[in-house]
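Undergrad: Below is the sequence, then the predicted model.
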There are 2 protein chains.
Amino acid sequence: MPRRLAAPKQVIKRLPVYLRILDDLVRRGIKVVSSRELSAASGFTAEQIRKDLAHFGAFGTRGTGYNTTFLRDKIIQIIGLDRPTNIIVVGAGHLGKALTRYNAINNPYVNIVGVFDTDPGTVGSRIGSLKILHLLKIPEFVKRYCVRVAIITVPAEAAQQVVNQVTGCGVKAILNFAPAQLQVPEDVHIHNADLTTELQSLIYYATPGK
Amino acid sequence: MPRRLAAPKQVIKRLPVYLRILDDLVRRGIKVVSSRELSAASGFTAEQIRKDLAHFGAFGTRGTGYNTTFLRDKIIQIIGLDRPTNIIVVGAGHLGKALTRYNAINNPYVNIVGVFDTDPGTVGSRIGSLKILHLLKIPEFVKRYCVRVAIITVPAEAAQQVVNQVTGCGVKAILNFAPAQLQVPEDVHIHNADLTTELQSLIYYATPGK
DNA sequence: CATTGTGAACGGATTCACAGCC
DNA sequence: GGCTGTGAATCCGTTCACAATG
């Protein structure tokens, strides 16, 4: 029985990587995998992988390794992907549209159920089968579909207001692409994925003087 | 004189945040800022900000704070943004195109100088003023423009091959959007910004059972 | 006297080493 | 014999407390 204790943030960031590797192993018909093999596939150390999993239970067999299907299903449960997760995208510019399409193709566990914008020229058009709605529709929509995760791709100036709006109606986790440091309530998690800062910090490592 | 000692990765990730805040303060004509004010604007603690900056020198004035313009210019130097940085985007799908446009608008310090793809229907078309080139042109291009940073937005199956190609001709830092764990040489930095894993780890925090 | 810069204390995550088990 | 699970040791970044100083 997985104990849902507070696991370190870094552990939580690695679980989806394990999940992807296990998905691939299961697809290839491989039944058992050792922490050493997972290490080779993920780049994390074998000890770290074992410790990570130990936060949630003992899923392996000593002398043998981990049953791939069993471990995959456990990780799905731990992350909370065993129930369908509905998320919304706020901001339907080029980036918002691209992320929506990208996710539909690449993420088997997560459904984008709504895309929102304010631009009258954008509202009403479609991304795949999704119609872009006005931001004013967010509260009603979030409640109807029990949305708890939002992706924000609006301009920096509008981002804080959008955050206030979505956290106000039940969203508990935000993936923020706007180049801004945003304030969120205590119980809301936000992850900044701003391309600008990401690229700038990479440049530090690429500069000739090491 | 900034000592270019090894600074923790986490410090390097915060520098661009400080830079953005300082850019804004300078634009608003504010001459001096304290670590406490930077803390309020960034969400990091004042002590942490002072320690971060101390890795590179003593840039403040005791009793007063930091000169905004001076500190901004120092951070630009430390990151390596004082010389123009040319980067390329490999993969001109929806995401690659969106990131290219996004960066042109939002990142004053970084120029995307080339975009590459293999699809015959895509090669030859344009994103803004940039013509999309075939991947075969990468080596020549990277050398001509001294490119040391690449953004990768190709499908997962093609990502490792692209990494091998670009690291083979001088690229030292990679921002990877493909859902894959990639192998890079010792001296190359890679940062994974895969939407799939990012979203999945957020879902852990959004699940009702905390 | 407010604020920086920093050694010391703290805490948390990773690594090590090995006991436990198939 | 081989691999997992885990307490102990280690490492590293953050926080604390205060000395230094314009």
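TA: Sure, I can see it.
Undergrad: Run through the strands of chain A in chain order.
TA: Along chain A, the stretches classed as strands by DSSP state E are A:32-33, A:66-67, A:85-90, A:110-117, A:126-127, A:130-134, A:149-152, A:173-176, A:189-192.
Undergrad: From chain B, how far off is residue A:107?
TA: To chain B, residue A:107 is 5 Å away according to Cβ to the nearest Cβ, to the nearest Å. (Each C-beta comes from the backbone N, C-alpha and C, glycine too.)
Undergrad: how about residue A:206, what does it touch?
TA: B:80, B:85, B:148-149, B:171-173, B:189 (Cβ atoms under 8 Å, 6 or more residues apart in numbering or on different chains).
Undergrad: for residue A:142, same thing?
TA: A:88, A:166, A:169-171.
Undergrad: out of these, which touch DNA strand C?
TA: Among the contacts of residue A:142, no residue lies close to DNA strand C (Cβ under 7 Å from any atom of the strand).
Undergrad: ranking those by neighbours, who comes first?
TA: residue A:166 (26 neighbours; other Cβ atoms under 10 Å in any protein chain shown).
Undergrad: Return the subset of the contacts of residue A:142 lying in helices.
TA: Of the positions in the contacts of residue A:142, residue A:166 sit in helices, assigned by DSSP state H.
Undergrad: ok, so of the contacts of residue A:142, who is nearest residue A:23?
TA: Ranked by distance to residue A:23 (Cβ to Cβ), the contacts of residue A:142 are led by residue A:88 at 25.0 Å.
Undergrad: In this structure that closest one contacts residue A:148, no?
TA: No. Residue A:88 is beyond contact range of residue A:148, at 9.9 Å (criterion: Cβ atoms under 8 Å).
Undergrad: Run through the residues of chain A sitting next to DNA strand D.
TA: So chain A meets DNA strand D at A:34-36, A:46-47, A:50-51, A:53-54, A:58-66 (Cβ under 7 Å from any atom of the strand).
Undergrad: Report the buried members of those.
TA: A:35, A:50, A:53, A:59-60, A:65-66 (16 or more other Cβ atoms under 10 Å in any protein chain shown).
Undergrad: hmm, back to that, show me the subset of the residues of chain A next to DNA strand D that also lies near DNA strand C.
TA: A:47, A:51, A:61-64.
Undergrad: Identify the residue nearest residue A:68 in space, chain neighbours excluded?
TA: residue A:25 (4.6 Å; Cβ to Cβ, 6 or more residues apart in numbering or on different chains).
Undergrad: Distance of the one you found relative to residue A:34?
TA: Going from residue A:25 to residue A:34 by Cβ to Cβ, to the nearest Å gives 11 Å.
Undergrad: Okay, residue A:128 and residue A:113: tell me how far apart.
TA: On the measure of Cβ to Cβ, residue A:128 and residue A:113 end up 12 Å apart.
Undergrad: would you list every one of the helices in chain A?
TA: Taking DSSP H as the test, the helices found in chain A are A:9-27, A:35-42, A:46-54, A:68-79, A:94-106, A:138-144, A:156-168, A:195-206.
Undergrad: and these, which is most packed in?
TA: Comparing the helices of chain A by mean neighbour count (mean count of other Cβ atoms under 10 Å in any protein chain shown), helix A:195-206 ranks first with a mean of 23.
Undergrad: Surely residue A:15 and residue A:80 touch.
TA: No. The pair residue A:15 / residue A:80 is not scored as a contact, 10.4 Å apart, by Cβ under 8 Å.
Undergrad: Quick check: neighbours shared by those two?
TA: residue B:204.
Undergrad: separation between residue A:156 and chain B?
TA: 8 Å.
Undergrad: In space, what's closest to that residue - neighbours in sequence excluded?
TA: Per Cβ to Cβ, 6+ apart, closest to residue A:156 is residue A:180, 4.3 Å.
Undergrad: Please parse chain A into its domains.
TA: By the assignment in automatic domain parsing, chain A contains the domains A:9-79, A:85-198.
Undergrad: For residue B:155, which of these is the nearest?
TA: domain A:85-198 (8.9 Å).
Undergrad: Redo the helices of chain A as TSV? Include mean pLDDT.
TA: TSV is the format used below for the helices of chain A (pLDDT from 0 to 100):
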stretch	mean pLDDT
helix A:9-27	98
helix A:35-42	98
helix A:46-54	98
helix A:68-79	98
helix A:94-106	95
helix A:138-144	97
helix A:156-168	98
helix A:195-206	97
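Undergrad: Take the ones you listed and write them to TSV, including distance to residue B:76.
TA: Listed next are the helices of chain A as TSV, based on distance: least, Cβ to Cβ, whole Å:
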stretch	distance to residue B:76
helix A:9-27	30
helix A:35-42	35
helix A:46-54	36
helix A:68-79	39
helix A:94-106	25
helix A:138-144	38
helix A:156-168	20
helix A:195-206	10
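Undergrad: Figure out which of those is closest to residue A:185.
TA: helix A:156-168 (5.7 Å).
Undergrad: What helices and strands are in contact with that closest one?
TA: Packed against helix A:156-168 by the contact rule (3 or more Cβ pairs under 8 Å, 6 or more residues apart in numbering or on different chains; DSSP states H and E) you find strand A:85-90, helix A:138-144, strand A:149-152, strand A:173-176.
Undergrad: will you turn the ones you listed into a markdown table that also has distance to residue B:156?
TA: Below are the helices and strands packed on helix A:156-168 laid out as a markdown table (distance: least, Cβ to Cβ, whole Å):
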| stretch | distance to residue B:156 |
| --- | --- |
| strand A:85-90 | 21 |
| helix A:138-144 | 31 |
| strand A:149-152 | 20 |
| strand A:173-176 | 20 |
